[in-house]
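1. The sequence and its predicted three-dimensional model are supplied below.
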Amino acid sequence: MNIVKDSDLIWDTDNFDVILVGTTIYCCLPDGFQRKMRRKYPYINDANNTTPYADPRKLGKRLTIQGKPIISLCYISKFKTKNEFIDYNALENCIKTANIEFSGLNVATTIMGSSCFDGNGDREKIMKLLEENSDRMNLTVYDYNQMSRAEENKKQWKYIQSFKKTDPEKYKRLTESRKKNWDKLYL
């Protein structure tokens with residue numbers, strides 16, 4: 001298992017055969033990496049919406065969507081709360097089945113289930129599950145702080161604002177092209 005630190009997987013998805021995306025049983029890809037995947041590959045949201053809403057039978061199962069790359073939604077948690085809401089058994093089952101289905105392929109994921117958007121789980125416990133259950137696939141795990149859309153927008157706006165006094169021309173260009181640039185960032 002390879003680990004990539006402090007780099008957002010969204011920029012490298014096309015370099016892999018398969019992307020595993022942790023999500024809830026509530027047919028939503030609300031924020032963080034899940035939201036960016038929904039924006040970059042809109043068809044995954046349509047596929048996700050074909051599954052039964054809030055069906056606990058989805059826990060531990062995956063929805064694999066063919067494309068380049070193949071995207072596999074892993075149903076690893078129930079409803080989002082402020083507390084830990086990941087189902088570790090569901091995560092383990094998703095990894096085990098992906099390990100068999102994607103044997104020999106280059107697969108990437110985040111520390112699935114650790115962000116506040118997909119489980120709020122214990123990072124070390126999740127990394128151990130990923131390592132122990134991924135021996136057949138060439139797994140790369142992206143370890144970075146996922147932000148909400150609002151947090152990322154705020155960060156981008158702060159960057160633009162930094163040019164207001166030092167480079168007014170650049171500030172004007174960035175402000176005028178802000179929406180288009182944010183779309184390119186999948187925000």
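-> Arrived safely, thanks for sending.
2. quick one: the most centrally placed residue in the chain from residue 149, how far?
-> The geometric centre of the chain, computed from its C-alpha atoms, lies nearest to residue 33 (Cα atoms, centre = their mean), at 3.0 Å. Per Cβ to Cβ, to the nearest Å, residue 33 is found 12 Å from residue 149. Heads up, the C-betas are built off the backbone N, CA and C, glycines and all.
3. With residue 45 instead?
-> 15 Å.
4. was I right about residue 51 contacting residue 58?
-> Yes: here residue 51 reaches residue 58: they are 6.2 Å apart, a contact under Cβ atoms under 8 Å.
5. Just want to know which of these two has more residues nearby.
-> residue 58 (23 against 17; other Cβ atoms under 10 Å).
6. show me what contacts the more buried one?
-> 25, 51-52, 75 (Cβ atoms under 8 Å, 6 or more residues apart in numbering).
7. Distance check, it against residue 175.
-> 43 Å.
8. Return the set of buried residues in stretch 162-174.
-> Buried residues in stretch 162-174, counted by 16 or more other Cβ atoms under 10 Å: 163, 171, 174.
9. Name the helix or strand for the last one, please.
-> Of the helices and strands defined by DSSP states H and E, residue 174 is found in helix 168-176.
10. what does that helix rub up against?
-> Applying Cβ under 8 Å, 6+ apart, the contact partners of helix 168-176 are 160-161, 163-164, 181.
11. farthest-separated two in those residues?
-> 164 and 181 (16.5 Å; Cβ to Cβ).
12. Now tell me what touches stretch 114-125 from outside.
-> 22-24, 30-35, 76-77, 80-88, 91, 111-113, 126, 146, 148.
13. buried sites along it?
-> 114-121.
14. Equivalent analysis for stretch 88-98, please.
-> Result for stretch 88-98 [16+ other Cβ under 10 Å]: buried residues 88, 90-98.
15. Show me these that map onto helices.
-> Among these, the members found in helices (DSSP state H) are 88, 90-98.
16. Of these, which is the nearest to residue 14?
-> Of all these, residue 98 has the smallest distance to residue 14: 19.0 Å, by Cβ to Cβ.
17. follow-up on the earlier one: which of the buried residues of stretch 114-125 lies at the shortest distance from residue 186?
-> Proximity of the buried residues of stretch 114-125 to residue 186 (Cβ to Cβ) peaks at residue 117, which lies at 14.1 Å.
18. That closest one falls within a helix, correct?
-> No: according to DSSP: H, G, I helix; E, B strand; the rest coil, residue 117 belongs to no helix; its state is coil.
19. show me what contacts the residue lying closest to it once chain neighbours are set aside?
-> Leaving aside its chain neighbours, residue 117 sits nearest to residue 32 (4.0 Å; criterion: Cβ to Cβ, 6 or more residues apart in numbering). Counting by Cβ under 8 Å, 6+ apart, residue 32 makes contact with 115-118, 146-148.
20. Check the gap between residue 32 and residue 71 for me.
-> From residue 32 to residue 71 the distance is 15 Å (Cβ to Cβ).
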